[in-house]
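[1] No sequence on hand, only this structure:
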């Protein structure tokens, strides 16, 4: 019985220490709001890069520089460029579509 209580108290103390370390780290970095702002800015930069790649692929398809895609892929890229809700692609998906239509020397 005493052993169970001691283990429970030890877990509580460990959790409090972790919470304190995380709170201190947030404070050192300017607070939770600043951390969220920096994360949002970073995510928007990544999304901007993805949109540039998608619009470049759409341009290449329209100009005939690379072979024509299936309509579903065009729609996925167009919806991402239009910034529709939930229409983002991962880098892996973008690169796999690029490899599908470009020869390996262009990537």
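    Happy to help now that I have it. Remember, predicted model here, so these are calculated numbers, not experimental data.
[2] so the spatially most central residue of the chain is in which element?
    What sits nearest the mean C-alpha location of the chain, by Cα atoms, centre = their mean, is residue 43, with 6.3 Å. Using DSSP states H and E, residue 43 falls within helix 32-63.
[3] And the next helix or strand past that helix?
    The C-terminal neighbour of helix 32-63 among helices and strands, as given by DSSP H and E, is helix 71-81.
[4] now the residue nearest to the centre of the chain: how far from residue 75?
    Residue 43 sits 23 Å away from residue 75, taking Cβ to Cβ, to the nearest Å as the criterion. Where you see a C-beta, it was placed from the backbone N, CA and C, and this is true even at glycine.
[5] Please apply the same query to residue 52.
    With the distance defined as Cβ to Cβ, residue 52 ends up 19 Å from residue 75.
[6] mind checking pLDDT for the residue nearest to the centre of the chain?
    Predicted confidence (pLDDT) for residue 43: 93.
[7] circling back to that earlier point, go through the helix holding residue 43 and flag the buried ones.
    Applying a neighbour-count criterion of 16 or more other Cβ atoms under 10 Å, one finds 50-51, 53-54, 57-58, 60-61 buried in helix 32-63.
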